[in-house]
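Colleague: structure for this input, please:
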Amino acid sequence: MLQQVIDRRLSGKNKSIGNRERFLRRFREQIRDAVRRAVSGRSIHDIEQGEDISLPRRDVSEPVFGHGSGGMRETVHPGNQDYVRGDRIERPQGGGAGGPGQGAGQDGSGDDDFVFRITREEFMQYFFDDLALPHMVRTQLLPDAPEWKFRRAGFVSEGTPTNLHVVRSMRVALSRRIAIGGESRRDLHELQAELAEALCQEPGKPELITALKEQIEVLRRRLKHIPFFDPFDLRYRNRIRVPLPTAKAAMFCLMDVSGSMDEGRKDIAKRFFILLYLFLKRYYERTDVIFIRHHTQASEVSEEEFFQSTETGGTVVSSALLLMHQIIQARYPSSDWNIYGAQASDGDNWHQDSAKCRELLVGKLLPLSRYFAYVQVAEEDQNLWEEYSQVSETSPNFAIRKISGPADIYPVFRELFKKGGSV
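Modeller: Okay, the predicted model is just below:
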């Protein structure tokens, strides 16, 4: 039965959804660059809004076909005294009005850039494009809501026409014809041999020859009645659902709220973690985000308290790393979870405690983690930065970066979580 699906959804403002999707795919690179330029001009709280994107006219120009004069005609072109056939004409000296989108002409006129608006979902798609959590692997099967994948599993005799395997069906039909007509063909060959032998004999036996011809004709009709193709011969591709392991991740967000972290540095750290939180919630459904604030003591807090609490104090960075290790041991075994960590601090720490932080990372956290990123929200080097620099030289799953101002948040974030990138 032929089925036909008609999409009667309205395209808002008389716009074609299909044409818009084709346009976004065609100018993907230009739109991605425009989105990155737009990021620097907006607040982190407005990151999920749409945006008016401007594309240079030269990037969206289309080829133009001209219509020549048709028919047969004779024309006479005047000659010249400067050029003959084969001469190369030099470029004219000086500038001039360019093509569309290349600037203004002599009268000051020109073409504006192409401007259109992308939605919130489209903006977020391009905003987080080419980003991923590094080294994530699928670890276990979920009994309650497993993920499924269709896998080929041989052939079956019943199915839909779209899954029909023509070559396999022809092979089955050929095998059936050989099996059914094998005995008849063998008898036919024997009778034909007897007929040839009877015809070669001089006296001849008309009765025998007539009988042999009748038997041969019966066998030939029997073979012709074997159908070339039978519905029994049809074979269809078979696909079965198999459960897939699910990638579960736990992201630990560690933020320094000590007294050395002034409001400007805290604001940069919070913006970085907001960006990370939006990215995780958009692309990773089964991801637990654990928020840890620390000064002299570390504590696991809620999302609201992590971003809005004003508590402050001294600085003992190792307390946050110890708490992270305790939570991993209690709730997130590394055999079932992909462990990630992101730490933001100004790097100001007790000298003895910075060495302890390096030992905790190398000895306990990094062996359990897929990836750990440290962001220093201060330009000057601190003792914690020096200790972490030693770790980054020997640990491929550990990265450190500096953010000196709000404009560096997004570039550093993309550098740390770029898909397929090497940190």
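
Colleague: tally of neighbours for residue 167?
Modeller: Burial of residue 167 is recorded as 8 neighbouring residues (other C-beta atoms under 10 Å). C-beta here means a position set from N, CA and C on the backbone, and glycine is covered the same way.

Colleague: work out for me the element it sits within.
Modeller: Element membership of residue 167 [criterion: DSSP states H and E] is helix 166-200.

Colleague: same question, residue 237
Modeller: strand 236-244.

Colleague: residue 349 too?
Modeller: In the assignment (DSSP H and E), residue 349 maps to no helix and no strand.

Colleague: residues contacting it?
Modeller: Neighbour list for residue 349: 315, 316, 317, 357, 382, 383, 384 [criterion: C-beta atoms under 8 Å, 6 or more residues apart in numbering].

Colleague: so which bits of the helix or strand harbouring the last one are buried?
Modeller: Here residue 384 is covered by helix 383-394, with elements defined by DSSP H and E. For helix 383-394, the neighbour count (16 or more other C-beta atoms under 10 Å) marks 383, 384, 385, 387, 388, 391, 392 as buried.

Colleague: and for stretch 314-334?
Modeller: Using 16+ other C-beta under 10 Å as the test for burial, stretch 314-334 gives 315-325, 327-328, 332.

Colleague: show residues contacting that stretch.
Modeller: The contact list for stretch 314-334 (C-beta under 8 Å, 6+ apart) reads 250, 252, 254, 256, 258-260, 288, 290, 292, 294-300, 339, 341, 343, 345, 348-350, 353-354, 356-357, 360-361, 364-365, 368-369, 384.

Colleague: now it, how far from the centre of its chain.
Modeller: Taking C-alpha atoms, centre = their mean, to the nearest Å, one finds the center of stretch 314-334 at 33 Å from the center of the full chain.

Colleague: same question for that stretch, mean pLDDT?
Modeller: The average pLDDT for stretch 314-334 rounds to 90.

Colleague: and stretch 74-89, by the same measure?
Modeller: Mean predicted confidence for stretch 74-89 is 74.

Colleague: same thing with stretch 413-423?
Modeller: Mean per-residue pLDDT for stretch 413-423: 69.

Colleague: can you pull out the helices in the chain?
Modeller: For the chain, the helices defined by DSSP state H cover 17-26, 28-39, 120-127, 166-200, 206-224, 263-283, 303-308, 318-331, 351-360, 366-368, 383-394, 409-416.

Colleague: list the buried ones in the longest one?
Modeller: Using 16+ other C-beta under 10 Å as the burial criterion, the residues of helix 166-200 that qualify are 168, 169, 172, 173, 176, 177, 181, 188, 191, 194, 195, 198.
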